[in-house]
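Visitor: Mind folding the following:
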Amino acid sequence: MTTARALVVPRNGDSSVLEVQDVDLAPPGDGEVQVEVAAVGVNFIDVYQRQGVYSLSTPFVSCSEGSGTVTAVGAGVEDVAVGDRVAWGAGLGAGGTVVNRAADTLVPVPDGVELDVAAAAMLQGMTAHYLVNSTYAVRPGTVALVHAAAGGVGQLLVQMVKAKGGTVVATAGSADKLEIARGLRADAVINYRDSADLAAEVRAANGGNGVDVAYDGVGKATFDASLASLRPRGLMVLFGGASGQVPPFDIQRLNASGSLFLTRPTLGSYTATREELLERGGSVLGDIAAGRLAVEIGGRYPLTEAATAYDDLEARRTTGKLLLIP
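Guide: Model (predicted):
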């Protein structure tokens, strides 16, 4: 038995409910490995789980993303060994100093990629990867609206759309964040906090036309503008709700606005097999290793300051990716 420190959600609520506790960790079971954690990703899915938007039985150990070094291997594990550097983007219970993980959820971290960068890249990197390759296959000439373009997913989306020859209309909530989007080669930038008619500004940035696809992880605050920004038969991709969940709406709006499409994807559906997980995770980490993809780490917090990290995330006070360092 190993004693570890873990970030626990004892009951649903705001960040103040978070507790760091000592937990007893059994040796890895069949198909599992034990990992000494180097870094843990801070994500909105953690917030939804803590708040009860995604219903889970409490208490539970928070967080789903991380990286580290394998220290023990359970029975039946053949493709992961002690000493391997690994990262993962899904599976509850990542928020600890030492964790047990299912071996088939792990992606090897290539030489040249630091473990904290790998932790920062997994969930958001694979999210951006499926959004531009599978949810909507971006190609040369595609015009994409990217909200929160200075955030973790947003920065990666801008880079990936541009790498595929697409055009990016980026939004962010401050001048500094708009500058980050410009630095990533966004073709047009808009401050959505100052905009009187966001959809009109998006269309104006695209020569008066609607965009092909809207990537919206902000949710409630931008959903209507995203729909109104689309061309006929355009695709609205709602992949998060940083500003709150979108309330139910009349689907006839899709008809009236030009036969629009709407999807609410999740990473799990796009990494449903081991092969797909390795392909997406390997592609993201490989692009980082080769210098084709940059990941900004916007803040590192000790496990004991997790509440501050989540407060900063939810208030959108930061750019890039936030990490907990156990």
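
Visitor: Quick check: the closest residue to Arg233 other than its chain neighbours vs Met236, distance?
Guide: Leaving aside its chain neighbours, Arg233 sits nearest to Ser259 (5.2 Å; criterion: C-beta to C-beta, 6 or more residues apart in numbering). C-beta coordinates here come from the backbone N, C-alpha and C atoms, glycine included. Ser259 sits 12 Å away from Met236, going by C-beta to C-beta, to the nearest Å.

Visitor: For those two, indicate the residue with more neighbours.
Guide: Higher neighbour count among Ser259 and Met236: Met236, with 21 against 10, using other C-beta atoms under 10 Å.

Visitor: Enumerate the positions of the helix or strand hosting Val153 that are buried.
Guide: In this structure, Val153 sits in helix 152-163 according to DSSP states H and E. Applying a neighbour-count criterion of 16 or more other C-beta atoms under 10 Å, one finds 152-162 buried in helix 152-163.

Visitor: Against Met236, how distant is Gly258?
Guide: Taken as C-beta to C-beta, the span from Gly258 to Met236 is 11 Å.

Visitor: which residues are in contact with both of these two?
Guide: Leu230 (C-beta atoms under 8 Å, 6 or more residues apart in numbering).

Visitor: What is the burial count for Leu56?
Guide: Leu56 has 14 nearby residues by other C-beta under 10 Å.

Visitor: tell me the SS of it?
Guide: Classification of Leu56 by DSSP: H, G, I helix; E, B strand; the rest coil places it in coil.

Visitor: Find the nearest non-adjacent residue to it, please.
Guide: Gln49 (5.5 Å).

Visitor: For the most centrally placed residue in the chain, what are phi and psi?
Guide: The residue lying closest to the centre of the chain (C-alpha atoms, centre = their mean) is Gln124, at 2.9 Å. With angles defined as degrees, to the nearest 10, Gln124 sits at phi -70, psi -40.

Visitor: ditto for Gly52
Guide: Backbone torsions for Gly52, taken as degrees, to the nearest 10, come to phi 100, psi 0.

Visitor: can you map out the helices along the stretch 101-250 of the chain?
Guide: Using DSSP state H, counting those that start in this stretch, the helices of the stretch 101-250 of the chain run over residues 115-130, 152-163, 175-183, 198-205, 223-228.

Visitor: just to revisit the earlier point, closest to Ser134 among the buried residues of helix 152-163?
Guide: Met160 (11.9 Å; C-beta to C-beta).

Visitor: how far away is the closest one from Ser57?
Guide: Between Met160 and Ser57 the distance, using C-beta to C-beta, works out to 36 Å.

Visitor: Ok, Gly154 next?
Guide: 33 Å.

Visitor: Kindly report the same for Ala307.
Guide: Separation of Ala307 from Ser57 (C-beta to C-beta): 22 Å.

Visitor: before we move on, what about Asp14?
Guide: Relative to Ser57, and taking C-beta to C-beta, Asp14 is found at 19 Å.

Visitor: Name the residue in the two with the higher neighbour count.
Guide: Asp14 (13 against 5).

Visitor: In what element of secondary structure is Ile288 found?
Guide: If you go by DSSP H and E, Ile288 is part of helix 274-289.

Visitor: Can you name every helix or strand that that helix contacts?
Guide: strand 107-108, helix 115-130 (3 or more C-beta pairs under 8 Å, 6 or more residues apart in numbering; DSSP states H and E).

Visitor: what do you get if the cut-off is 10 Å, keeping everything else the same?
Guide: With contacts taken as 3 or more C-beta pairs under 10 Å, 6 or more residues apart in numbering; DSSP states H and E, helix 274-289 sits against strand 85-88, strand 107-108, helix 115-130, helix 152-163, helix 267-270.
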